[in-house]
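A.B. asks: predicted model and sequence below, questions to follow.
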Amino acid sequence: FLELFETGIVILAPPRGSDVEVADDDQHAPPPPTVSEGKQRDSSIGFFKRMFHIRGANEKLTRTHEVPCKCSSLNSTDAFVIQVSPSRFYIWYGALCSVNERKRAARTAVHICTNLT
């Protein structure tokens, strides 16, 4: 199924303040972030910082999930894209992340910038 999407699928967290709940059987989905724990707001422009977790075993099975934008979301085995403004991104590579995760992180940053901001 994932092979149908050239740029991959980016799974976003529910919008801030929404009543969307994560199903109990989906253990990989992050809980909805709150202003204090998930998205840090830049009050000058009304933008919330976002973090995307990229993980996967190979190029076809690499997945991207939005996670709370905080240090405890990081790990050393995966790659992360951190969006600090509508046009500024940082890519963080864990020491043990794969080449496929590195490639997908770069593509994800471009995809988010062009399609999701």
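C.D. replies: Arrived safely. Residues are numbered from 1 along each chain as shown.
A.B. asks: pLDDT-wise, which helix or strand of the chain ranks last?
C.D. replies: When the helices and strands of the chain are scored by mean pLDDT, DSSP states H and E, strand 41-42 comes last with a mean of 50.
A.B. asks: spatially nearest residue to V10 (excluding sequence neighbours)?
C.D. replies: Nearest non-adjacent residue to V10, counting by CB to CB, 6 or more residues apart in numbering: T64, 4.7 Å away. C-beta: built from backbone N, CA, C; applies to glycine.
A.B. asks: what do you get for N58?
C.D. replies: N100 (5.9 Å).
A.B. asks: tell me how many other residues crowd that neighbour.
C.D. replies: Residues near N100, counting by other CB atoms under 10 Å, number 18.
A.B. asks: and the helices in this structure, which stretches?
C.D. replies: Using DSSP state H, the helices of the chain run over 99-115.
A.B. asks: picking up where we left off before, for the residue nearest to N58, give me the pLDDT.
C.D. replies: Predicted confidence (pLDDT) for N100: 90.
A.B. asks: cool, A23 as well?
C.D. replies: Looking at A23, its pLDDT reads 48.
A.B. asks: likewise for D78?
C.D. replies: With respect to pLDDT, D78 scores 95.
A.B. asks: do N58 as well
C.D. replies: 80.
A.B. asks: what's the local residue count around F80?
C.D. replies: F80, neighbours per other CB under 10 Å, totals 24.
A.B. asks: how about it: what's its closest non-neighbour residue?
C.D. replies: Excluding the flanking residues, the one nearest F80 by CB to CB, 6+ apart is W92, at 4.4 Å.
A.B. asks: low-confidence ranges, this protein, go.
C.D. replies: The chain contains residues with pLDDT under 70 at 1-9, 12, 14-46, 117.
A.B. asks: could you pull out the strands for it?
C.D. replies: 10-11, 41-42, 47-48, 50-55, 63-67, 79-85, 88-93 (DSSP state E).
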